[in-house]
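*Asks:* quick one, what's the 3D model for this:
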Amino acid sequence: MLLTWLYVPGDRPDRFAKAVASGADAVILDLEDAVLADRKAYARQAVAEFLGQPHPVPVQVRVNELTGPDLDADLAALVGRPGLAGLRLPKVESADAVAAVAARVDAPLHPLIESALGLESAYAIAAADPAVASIGLGEADLRSDLGVDDDAGLAWARGRVVVAARAAALPPPAMSVYAHVADLDGLAASCALGRRLGFLGRAAIHPRQLPVIAEAFRPAEGEVARAEELLAAVAEAQTRSSGTVVLPDGRFADRAMVAAARRTVDLAARYAA
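*Replies:* Prediction:
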């Protein structure tokens with residue numbers, strides 16, 4: 001279970017190793033928006049070379065648009081690379097597009113929804129193939145497509161992708177990047193909002209954002225205590241073969257809350273340091 005992903009332009013191989021050592025839970029090498037057209041071939045080669053061996057943290061690659069001229073070359077360069085932990089698929093608008101990539105690549109897929117059409121197909125995309133490991137929003141392009149310029153305009157879209165991920169039995173989606181690198185207070189507030197909406201973790205575009213994101217999504221001590229209390233009550237009820245779970249303070253607990261409690265405890269254990 002991860003909380004932070006760090007994007008790195010694919011044509012900046014000097015930053016690859018630094019990104020892996022940055023403290024991010026995973027690194028995303030970007031062949032798409034961060035790379036100019038005349039640098040695509042260079043970026044592709046640099047990324048493929050870096051993925052010639054595994055790395056201490058998962059390294060994913062965001063490939064170029066699925067309907068564009070660069071995808072075939074991207075996949076040819078990346079398939080079979082031992083350091084490839086997954087592919088980010090940009091601007092996905094249909095389940096068929098995801099399935100077509102899944103048929104060509106043996107790697108976890110992470111479709112990004114960045115348009116109204118993609119949003120309407122969110123569940124179908126999430127359930128397109130067993131290789132789909134997560135879905136998420138690409139909010140910069142989505143804002144442009146929808147003609148909105150603030151978080152309020154994205155509220156429904158964010159809720160839609162959270163529901164689609166859950167309906168497809170995928171992990172909670174991670175939030176899209178926060179573009180204002182110097183505004184760490186704004187980043188923290190945005191993460192708090194996303195957490196309330198059901199997101200878990202966030203992608204970053206600068207290492208300085210990583211601690212803020214991790215802190216925003218890391219369970220607080222009180223949350224962990226309540227989760228452990230719930231799990232203990234469920235275990236005790238099971239020993240009595242009882243379907244009723246009662247917490248020490250007298251509250252009844254729903255068994256549907258167990259998965260969330262386990263996730264909280266697991267996250268706390270992972271980030272205990």
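*Asks:* residue ranges with poor pLDDT in this protein?
*Replies:* 236-238, 240-244, 249-251, 253-256, 273 (pLDDT under 70).
*Asks:* can you pull out the helices in it?
*Replies:* Listed in chain order, the helices of the chain (DSSP state H) span 16-20, 40-50, 71-78, 95-102, 116-120, 122-126, 139-146, 155-167, 184-197, 210-217, 221-239, 258-270.
*Asks:* how about the longest one: buried residues?
*Replies:* Residues of helix 221-239 classed as buried: 223-224, 226-227, 229-231, 233-234, 237 (neighbour count, 16 or more other C-beta atoms under 10 Å). Heads up, the C-betas are built off the backbone N, CA and C, glycines and all.
*Asks:* distance to residue 201 for those - can I get that in a markdown table?
*Replies:* Listed next are these as a markdown table, based on distance: C-beta to C-beta, whole Å:
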| residue | distance to residue 201 |
| --- | --- |
| 223 | 16 |
| 224 | 17 |
| 226 | 21 |
| 227 | 18 |
| 229 | 25 |
| 230 | 22 |
| 231 | 22 |
| 233 | 28 |
| 234 | 26 |
| 237 | 31 |
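*Asks:* of those, closest to residue 17?
*Replies:* Closest approach between the buried residues of helix 221-239 and residue 17, by C-beta to C-beta: residue 224, at 33.9 Å.
*Asks:* right, so of the helices of the chain, which gets closest to residue 30?
*Replies:* The nearest among those, by C-beta to C-beta, is helix 40-50 at 8.2 Å.
*Asks:* give me the most central residue, the chain.
*Replies:* Nearest to the geometric centre of the chain sits residue 174, at 3.7 Å (C-alpha atoms, centre = their mean).
*Asks:* save the helices of the chain as JSON lines, and put in distance to residue 31 too.
*Replies:* Putting these into JSON lines (distance: least, C-beta to C-beta, whole Å) gives the following:
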{"stretch": "helix 16-20", "distance to residue 31": "13"}
{"stretch": "helix 40-50", "distance to residue 31": "5"}
{"stretch": "helix 71-78", "distance to residue 31": "6"}
{"stretch": "helix 95-102", "distance to residue 31": "14"}
{"stretch": "helix 116-120", "distance to residue 31": "19"}
{"stretch": "helix 122-126", "distance to residue 31": "20"}
{"stretch": "helix 139-146", "distance to residue 31": "16"}
{"stretch": "helix 155-167", "distance to residue 31": "23"}
{"stretch": "helix 184-197", "distance to residue 31": "25"}
{"stretch": "helix 210-217", "distance to residue 31": "22"}
{"stretch": "helix 221-239", "distance to residue 31": "38"}
{"stretch": "helix 258-270", "distance to residue 31": "29"}
